[in-house]
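Engineer: One predicted model, sequence on top.
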Amino acid sequence: MVNGATRAPSACGRRGRGSSRAVARTTLDDLLAEARDGLERLTPAQAREAQAAGAVIVDIRSREQRRAEGEVPGALRHPRNVLEWRVDPDSAHRDPAVGGLDAHLVVLCAEGYQSSLAAATLQRLGFARATDMAGGFAAWVEAGLPVEPFAAEG
């Protein structure tokens, strides 16, 4: 017990240091390849077209990144560390603007790496149409697509 509360399980469901459970090693390249294998990644132009057709762009960059670089107009802003809690239909912290499990979600990060892993996770949560944008925000800017100044959350 910590401060009168029962201690939560260790991070990521791992057992304590004395665990004898073997864990297979996966490289980051393998992890990304596996994630991307299930995605129909979009170019920045395709992401913008998808947004115009009703897709939801979800910007998972940090507040600091968005403040320094700007934002994609109309994108939802949910930093990577809270993404699953903001989109899961069963979460008490869900953002209703995300839509249901049938929503077309296009995840965007700074350069297109975190977004691949995040989109694959959203698919595991049941968002079959979740994907990401290749190249991330950097590619969006390079394509000359609109960028808005940082808008502080209310």
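Structural biologist: On my side now, so go ahead.

Engineer: contacts, neighbours, all on C-alpha from now
Structural biologist: OK.

Engineer: which residues touch the residue nearest to the spatial centre of the chain?
Structural biologist: Computing the C-alpha centroid of the chain and ranking residues by C-alpha atoms, centre = their mean puts Ala118 first, at 3.9 Å. When the contact criterion is C-alpha atoms under 8 Å, 6 or more residues apart in numbering, the partners of Ala118 are 80, 107.

Engineer: So that it lines up with my notes, have the first residue be 643 from now on.
Structural biologist: In the new numbering, first residue 643, that becomes Ala760.

Engineer: Kindly indicate whether it is helix, strand or coil.
Structural biologist: Using DSSP: H, G, I helix; E, B strand; the rest coil, the structure places Ala760 in helix.

Engineer: distance of it from Glu711?
Structural biologist: Taking C-alpha to C-alpha, to the nearest Å as the measure, Ala760 and Glu711 are separated by 21 Å.

Engineer: Quick check: phi and psi at Val698.
Structural biologist: With angles defined as degrees, to the nearest 10, Val698 shows backbone torsions of phi -110, psi 120.

Engineer: what's across from it in the sheet?
Structural biologist: According to DSSP bridges, the residues that bridge with Val698 are Leu747.

Engineer: Ala745 is in contact with that one, correct?
Structural biologist: Yes: with contact defined as C-alpha atoms under 8 Å, Val698 counts as touching Ala745 (7.5 Å).

Engineer: Counting neighbours, go ahead and name the busier of the two.
Structural biologist: Under the criterion of other C-alpha atoms under 10 Å, the comparison of Val698 against Ala745 puts Val698 first, with 23 against 15.
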